[in-house]
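*Asks:* can't give you the sequence, but here's the structure:
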């Protein structure tokens, strides 16, 4: 199947209220899928990249890996950067450009700049999304006007996701902080069913059986006690930490929990936690690298005060911008992308199942914020204790339901 992706994004103020739109067409110009959503306050370029990501995801869902796709955009910047002729100099755009490249590698993409007047469909969708947000509603497709499939508990919320935005909060596995960030999560929200494509989004045949993620933070480590930055370092659980995870394991092995699979971060403190539950349930532990904690680089093992004294300028920049990395480390923007990719893989592999996901404070907060469509200030009001349980239900037709947050009833 030869496809054409037309994508666009806009911002009313640059930065200002923003939205993206993308349309997928066949070789004859017939519309097969549409995607659009509002993005909150951001720039034109961010919105354009989000439109591209939405279009590529939609094309993959329709035709699968290896399909030939011509991407058409009126953004010279995005087309030239994706074609490799221009460098991505803006730090804030690099994670989005990387996500778009990773999606494009799964397809056979050619890149084509077109004048704005030839990109009217995508431009219209972006404006529809921004207009809907201004009214306090979500975008709904006019091309595929079927009633939305029922979400959890009979709700009729339109399907689709707004990229998450996260803010600074003291926490981390030690004494880290999460600044505002955004990870592209564009997905099909309106699609024409075809013989070769399973119905999704607005189509009537979408199912409502949820995939449940039981998100368990690992137990206490020596770094937790001293409130030190603990990223990709590999401390073991303390005796208190082992007791915490044993209590969690005893709880999760009983009703009402019926775990089908256990997936863990590769780091030892998470694997020890996962293995405690495995010993009670008889399940094996699978490792997902995308669930690892953020890499704090040179700051690993230091307290916030120590970092403030030794790296004051670097710390100030990191706290102000999610795309800034600690010396030799990883930015929260980069981490958000890989966490969402890990989530997508797990949802694909465990549809309709209950999955225990053992991870760290930053990845779990990223998943919770995404499910809540949280505004930036929301993360200031979220706290995750050691060995705490949070639960998210993911419905195939779009909605995500946070059922539990920071539950520590098993710790007494």
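*Replies:* Ah, there it is. Being a predicted model, the structure only gives us computed values, none of them experimental. Numbers count the residues shown, from 1 in each chain.
*Asks:* Output the below-cut-off pLDDT ranges for the stretch 301-412 of the chain.
*Replies:* The stretch 301-412 of the chain contains residues with pLDDT under 70 at 375-380, 397.
*Asks:* Tell me where it has strands.
*Replies:* 354-359, 389-394, 400-407 (DSSP state E, counting those that start in this stretch).
*Asks:* got a list of contacts for the last one?
*Replies:* If you take C-beta atoms under 8 Å, 6 or more residues apart in numbering as the criterion, strand 400-407 is touched by 152, 161, 210, 368, 370-372, 382-385, 388-395. Every residue, glycine included, has its C-beta placed from N, CA and C.
*Asks:* Provide a ChimeraX selection command restricted to the buried entries of those residues.
*Replies:* Command for ChimeraX that selects the buried part of those, burial taken from 16 or more other C-beta atoms under 10 Å:
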select :152,161,210,368,370,371,372,382,384,388,389,390,391,392,393,394,395
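*Asks:* show me the contacts for residue 392.
*Replies:* For residue 392, the contact set (C-beta under 8 Å, 6+ apart) comprises 212, 213, 215, 367, 368, 371, 400, 401, 402, 403.
*Asks:* Can I get these in TSV including distance to residue 75?
*Replies:* Shown next, in TSV, are these (distance: C-beta to C-beta, whole Å):
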residue	distance to residue 75
212	39
213	35
215	37
367	30
368	32
371	30
400	30
401	35
402	35
403	40
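*Asks:* Against residue 127, how distant is the residue lying closest to residue 125 once chain neighbours are set aside?
*Replies:* Using C-beta to C-beta, 6 or more residues apart in numbering and skipping residues adjacent in sequence, the residue nearest residue 125 is residue 21, 2.6 Å away. Computed as C-beta to C-beta, to the nearest Å, the residue 21 to residue 127 distance reads 8 Å.
*Asks:* Show me which of the two is the more surrounded one.
*Replies:* residue 21 (30 against 16; other C-beta atoms under 10 Å).
*Asks:* that older thread, would you mind checking which of the contacts of residue 392 is nearest to residue 99?
*Replies:* Using C-beta to C-beta, residue 367 is the member of these that lies nearest residue 99, at 16.7 Å.
*Asks:* Now do the contacts for that closest one.
*Replies:* 213, 215, 339, 343, 357, 392.
*Asks:* now it: how far from residue 382?
*Replies:* Distance, residue 367 to residue 382, by C-beta to C-beta: 11 Å.
*Asks:* ok but residue 109 is inside a strand, no?
*Replies:* Yes - counting by DSSP: H, G, I helix; E, B strand; the rest coil, residue 109 is found in a strand.
*Asks:* tell me the SS of the closest residue to it other than its chain neighbours?
*Replies:* The shortest distance from residue 109 to any non-neighbouring residue, by C-beta to C-beta, 6+ apart, is to residue 69 (5.1 Å). Three-state assignment for residue 69 (three-state DSSP): strand.
*Asks:* Give me the neighbour count for residue 255.
*Replies:* Residues near residue 255, counting by other C-beta under 10 Å: 5.
*Asks:* my hunch is that it is in a helix, does that hold up?
*Replies:* No - Residue 255: not assigned to a helix; according to three-state DSSP it is coil.
*Asks:* tell me the contacts of residue 123?
*Replies:* 8, 10, 21, 74, 116.
*Asks:* roughly how far apart are it and residue 247?
*Replies:* 55 Å.
*Asks:* How about residue 390?
*Replies:* 16 Å.
*Asks:* Work out the gap between stretch 272-291 and the centre of the chain.
*Replies:* From the chain centre to the centre of stretch 272-291 is a distance of 22 Å (C-alpha atoms, centre = their mean, to the nearest Å).
*Asks:* Ends of it, what's the gap?
*Replies:* 15 Å (C-alpha to C-alpha, to the nearest Å).
*Asks:* can you check stretch 399-412 too?
*Replies:* Span of stretch 399-412 from end to end, C-alpha to C-alpha: 33 Å.
*Asks:* Enumerate the positions of that stretch that are buried.
*Replies:* By neighbour count on 16+ other C-beta under 10 Å, the buried set for stretch 399-412 is 399, 400, 401, 402, 405, 407, 408, 410, 411.
*Asks:* Could you dump those into TSV with distance to residue 229 added?
*Replies:* Shown next, in TSV, are the buried residues of stretch 399-412 (distance: C-beta to C-beta, whole Å):
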residue	distance to residue 229
399	35
400	30
401	32
402	27
405	24
407	26
408	23
410	27
411	24
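*Asks:* Show me the helices in this protein, by range?
*Replies:* Here the chain has its helices, by DSSP state H, at 44-63, 76-82, 94-105, 120-134, 222-226, 239-252, 268-281, 304-310, 312-320, 332-349, 361-372.
*Asks:* So which residues make contact with the fifth one?
*Replies:* In this structure, residues lying in contact with helix 222-226 by C-beta under 8 Å, 6+ apart are 173, 174, 229, 230, 233, 235, 238, 241, 301, 303, 386.
*Asks:* Low-confidence bits of the stretch 51-200 of the chain, can you list those?
*Replies:* 144-200.
*Asks:* got the buried residues for stretch 320-332?
*Replies:* Buried residues in stretch 320-332 (16+ other C-beta under 10 Å): 321, 322, 323, 324, 325, 326, 329, 330, 331, 332.
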